[in-house]
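Student: Everything below, folded, please.
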Amino acid sequence: MGTYFGVDYYPEHWPRERWETDAKLMQEMGVDVARLAEFSWSKLEPSLGEFNFGWLDEAITVLADRGIKIILGTPSAAPPAWIISANPEIQPIDYEGRVRYFGGRHHDCQSNLVYREHIKRYVTAFAAHFGDNPNVIGWQIDNELGNSHHQLCMCPSCEDHFRQWLQNKYGDIETLNTKWGNTFWSQEYQNFSQILAPKITVTGHNPSALLDWKLFCSDLIVDFHKFQSVILRQAAPGKFITQNMMGFEDKVNYYDLAEDIEFTSHDQYPGGHFHPTQNERKSDKLAAALDLMRATKDKPFWIMEQQSGITGWEVLGRAPKPGELGMWSAQAVAHGADCIVYFRWRTCTMGTEQYWHGILPHSGIPGRYYNELKTFVHKMKPLMKEIQGALPKSKVAIIYSYNQKYAIDIQPHHPDMTYIGHVMKYYTALYDRNVPVDFINDDADFTKYDLVIAPLQYLMTPELESRYQAYVKGGGNLVLTMRAGVKDDTNLCRVAGALPMGGLRELVGVEVHEYDCLRDITGWVLWNGQRYACEMWSDIINLTGAKELATYDFEFYTGTPVITENAYGDGTVYYVGTEPGADLAAKLVDEFITKHDICTWGETPPGMEIAARSSNGTDYIFVINHTGDNRMVTIPDDWKAYFEGQSASINPYSINVYTRSNN
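Tutor: Sure thing, here's the model as predicted:
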């Protein structure tokens, strides 16, 4: 039996006599798998070395009797009170030097060796007990690693580990002083013991030190995961390990974290209470997060937490409209999800998440959410079986780099500039034209793609420059944007000539001697007689071989190039010297599509999306209506309707699926 749909279930929250009812309702809904126990440490080990696994054995049996497989989570995101009481030093310290105390979750320091001994004891016993259980098919380590830890932890243990990390990287303190530029403001160190975590200071921190701190924190989380995965794999070598990631969250480099798992999982909350504008659930941002999750291993992924009701802690989000729960799930499938697990099965009556609603309400009586998802699951299961392992066919890639994001976050230049915001300008323009996109790391194989967009290549190395040169010389088409080649990989400014420095300057065929930060002003670009808005930044460009495509139409640099095109080897390089407005980004993408014959899935009205996965000579094409109105779409003659009753008119918050031979 395949594993296509599941739920996150907390039997410890409910009376024992309710478990059979829940399992029966799950079976009737079509549930194949349940995740359990990722926050159950205090119940599974109520005191040191006293393990109480019996209730979980029983819950697993109840579910397994209904054909439901089990994923078990290790509970290291929520150490119990008795551990904190015995070892208060494992509580994290924030950048102001304050202890973050017990009472929530993630109240732990991941470098602390005492805490790791507690984890080792628990996970060893946990894996030994459940590792041979045939109903347990895999493990999830911790929960949303990096979540809640953005300014944590800066305790003495983390500082000690940071110093060792720096010593391993630089070898000696003189090299570190040079790479960090510590002659500035008399910041030179005499030995590694003087280095502290970047806690609150009188003025701004050294950008190079901050970059290394971010890289260290990411490596620490990867190591924390590895610490547990080694134990699990030794005890149960036949079971998978996954980790539920969170889209564009960045405390940990997900490319690195994904190396230690069999497949990536993702938590997707389209209508989350944390979205500032509840009526603007941006389908492009949801799609982008899904594409990034697929990129972490370049393979299909799972949704480990898919929204199944209103979300909320202290405040609540909007209620999902009829059809939205299935539509959100279908979008995840369209972008590469092989299994959808809904959070949560039943709305909790206690604790912080009392209003993070599940498939069932507080009462446990099935209602609209249950009935909608039951219908959706039964409809989709045959399709899910067919498309297992299928991937989108993308000929356009956007480079997504954690190092670039870290550096831009440290020095965003303009108060409104963000790395993700800049990346999304290009992604959204492609998404609106139904162009399939892969996110890739900057060490990926560029030659798989007809077009590679490399936004904000702020940090640069000779090796990466050479890779870009080789890609374009061999016939690839590359897009570079403002602030390319400004710094080296230690976050120090490069000085060898005009921007973009090093090998990029010849590649793009332009020089940038001046620039302008557009504070409180909208800029304008003139392209073939049409004006387009730009914002936040202007590179003032001199041509050294490239030709101009568009010019500025404001300020003292009116008439100078802003977008250029340069032939290099057998390929083409575009340089975009500004943050494009939405219309300018759309114009750019149209240019790329036309000049380089980029494949799209066709035109759709606003609020519509077409995405596809391909397998064994067949394209599975999803046409998704993200709006509350009926939408008409032109369906090509060679697309065959997958579900009965489909038409060119698609209902609100609904999907059509088509197949097409790609042989």
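Student: so who does Tyr406 touch?
Tutor: The neighbourhood of Tyr406, defined by CB atoms under 8 Å, 6 or more residues apart in numbering, consists of 211, 214-215, 250. No exception for glycine: its C-beta is placed from N, CA and C like everyone else's.
Student: Just to be sure, it is in a helix?
Tutor: Yes: the assignment for Tyr406 (DSSP: H, G, I helix; E, B strand; the rest coil) places it in a helix.
Student: so what pLDDT did the closest residue to Arg294 other than its chain neighbours get?
Tutor: Closest residue to Arg294 in three dimensions, ignoring its sequence neighbours and counting by CB to CB, 6 or more residues apart in numbering: Gly336, at 4.1 Å. pLDDT, Gly336: 98.
Student: Surely Gly336 touches Lys393?
Tutor: No: contact criterion CB atoms under 8 Å: Gly336 and Lys393 do not qualify, at 11.7 Å.
Student: what's the following helix or strand after the longest strand along the chain?
Tutor: Longest strand in the chain, counting residues (DSSP state E): strand 510-527. Sequence order places strand 530-543 as the next helix or strand after strand 510-527, per DSSP states H and E.
Student: Counting neighbours, show which residues of the very next helix or strand once past that next one come out buried.
Tutor: Moving toward the C-terminus from strand 530-543, the next helix or strand (DSSP H and E) is strand 547-552. Across strand 547-552, burial judged by 16 or more other CB atoms under 10 Å covers 548-552.
Student: any idea of the angle strand 547-552 forms with strand 530-543?
Tutor: 120 degrees (axes from the mean of the first three to the mean of the last three CA atoms, to 10 degrees).
Student: Mind giving me the packing neighbours of strand 547-552?
Tutor: Taking 3 or more CB pairs under 8 Å, 6 or more residues apart in numbering; DSSP states H and E as contact, the helices and strands that strand 547-552 lies on are strand 510-527, strand 561-568.
Student: And the average pLDDT for the next helix or strand after the shortest one is what?
Tutor: Later in the chain than strand 561-568, the nearest helix or strand by DSSP H and E is strand 571-576. Along strand 571-576, the predicted local confidence has a mean pLDDT of 98.
Student: quick one: strands adjacent to strand 571-576?
Tutor: Taking DSSP bridges as the criterion, strand 571-576 pairs within the sheet with strand 477-481 (parallel), strand 561-568 (antiparallel).
Student: Kindly compare burial across those strands and name the winner.
Tutor: strand 477-481 (a mean of 24; mean count of other CB atoms under 10 Å).
Student: need the contact list for the most centrally placed residue in the chain.
Tutor: Nearest to the mean C-alpha position of the chain, by CA atoms, centre = their mean, lies Gly247 at 2.2 Å. By CB under 8 Å, 6+ apart, Gly247 lies in contact with 266-268, 288-289, 292-293.
Student: Now the helix or strand containing Asn168: buried residues?
Tutor: Assigned by DSSP H and E, Asn168 belongs to helix 156-170. Buried positions in helix 156-170, judged by neighbour count with 16+ other CB under 10 Å: 157-159, 161-163, 165-166, 170.
Student: which of Gly336 and Lys393 has more neighbours?
Tutor: Comparing Gly336 with Lys393 by other CB atoms under 10 Å, the one with more neighbours is Gly336, at 25 against 13.
Student: how close does that one get to Ile261?
Tutor: From Gly336 across to Ile261, the span is 15 Å (CB to CB, to the nearest Å).
Student: Same question for Val508.
Tutor: 38 Å.
Student: for Glu38, same thing?
Tutor: According to CB to CB, Glu38 and Ile261 sit 15 Å apart.
Student: Between those two, which is the more surrounded one?
Tutor: Using other CB under 10 Å, the more surrounded residue of Glu38 and Ile261 is Glu38, with 24 against 21.
Student: Now stretch 448-460 - C-alpha only, CSV.
Tutor: Presented in CSV, the C-alpha positions along stretch 448-460 are these (Å, rounded to 0.1, in the frame of the first residue of the first chain):
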residue,chain,number,x,y,z
LYS,A,448,20.7,21.6,-17.5
TYR,A,449,19.0,25.0,-18.0
ASP,A,450,18.5,27.3,-21.0
LEU,A,451,18.3,30.3,-18.7
VAL,A,452,19.8,30.8,-15.2
ILE,A,453,18.8,33.9,-13.2
ALA,A,454,21.4,34.7,-10.5
PRO,A,455,20.0,37.5,-8.3
LEU,A,456,22.1,39.7,-6.0
GLN,A,457,25.4,37.9,-6.4
TYR,A,458,26.8,40.1,-3.7
LEU,A,459,29.5,37.7,-2.4
MET,A,460,31.7,36.3,-5.1
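Student: Which residue ranges of the stretch 551-663 of the chain form strands?
Tutor: Along the stretch 551-663 of the chain, the stretches classed as strands by DSSP state E, counting those that start in this stretch are 561-568, 571-576, 578-580, 608-615, 618-625, 631-632, 640-641, 649-650, 655-661.
Student: Report the rounded mean pLDDT for the first one.
Tutor: Here strand 561-568 scores 98 as its mean pLDDT.
Student: now do stretch 512-524
Tutor: 97.
Student: who touches that stretch?
Tutor: Against stretch 512-524 from outside (CB under 8 Å, 6+ apart): 413-415, 482, 498-500, 531-542, 552-555, 557, 577-578, 581.
Student: In that stretch, which residues are buried?
Tutor: So stretch 512-524, judged by 16+ other CB under 10 Å, has buried residues 512, 515-516, 518, 523-524.
Student: How about stretch 397-414?
Tutor: Buried-residue list, stretch 397-414, by 16+ other CB under 10 Å: 397-411.
Student: Check the residues you listed against Asn630 and report the nearest one.
Tutor: The closest of those to Asn630 turns out to be Ile398 (CB to CB; 32.3 Å).
Student: So the closest one lies in a helix, does it not?
Tutor: No: counting by three-state DSSP, Ile398 is located in no helix; its state is strand.
Student: per-residue confidence for the closest residue to it other than its chain neighbours?
Tutor: Leaving aside its chain neighbours, Ile398 sits nearest to Ile453 (4.7 Å; criterion: CB to CB, 6+ apart). In this model, Ile453 is scored at 99, pLDDT.
Student: Can you get me a residue count around Ile453?
Tutor: 24.
Student: Same question for His129.
Tutor: His129 has 18 neighbouring residues, counting by other CB under 10 Å.
Student: which stretch of helix or strand covers it?
Tutor: Secondary structure from DSSP H and E places His129 in helix 113-130.
Student: same check, this time on Gly421
Tutor: Per DSSP H and E: helix 419-432 holds Gly421.
Student: Ok, Phe248 next?
Tutor: With DSSP H and E as the test, Phe248 turns up in no helix or strand.
Student: okay, now it: neighbour count?
Tutor: Using other CB under 10 Å, Phe248 has 17 neighbouring residues.
Student: In space, what's closest to it - neighbours in sequence excluded?
Tutor: In space, Phe248 is closest to Ile420, 5.4 Å off (CB to CB, 6+ apart).
Student: State the distance from Leu215 to Asp438.
Tutor: Taking CB to CB, one finds Leu215 at 24 Å from Asp438.
Student: Sorry, slip of the keys, the one I care about is Ala337.
Tutor: In terms of CB to CB, Ala337 sits 16 Å off from Asp438.
Student: Next: Tyr406.
Tutor: 22 Å.
Student: Tyr122 too?
Tutor: From Tyr122 to Asp438 the distance is 39 Å (CB to CB).
Student: cool, Leu257 as well?
Tutor: On the measure of CB to CB, Leu257 and Asp438 end up 19 Å apart.
Student: Equivalent analysis for Asp416, please.
Tutor: Taking CB to CB, one finds Asp416 at 28 Å from Asp438.
Student: Looking at those two, which one has more neighbours?
Tutor: Asp438 (23 against 12).
Student: wait, isn't Gln140 in contact with Met245?
Tutor: No: using CB under 8 Å, Gln140 makes no contact with Met245, being 10.9 Å away.
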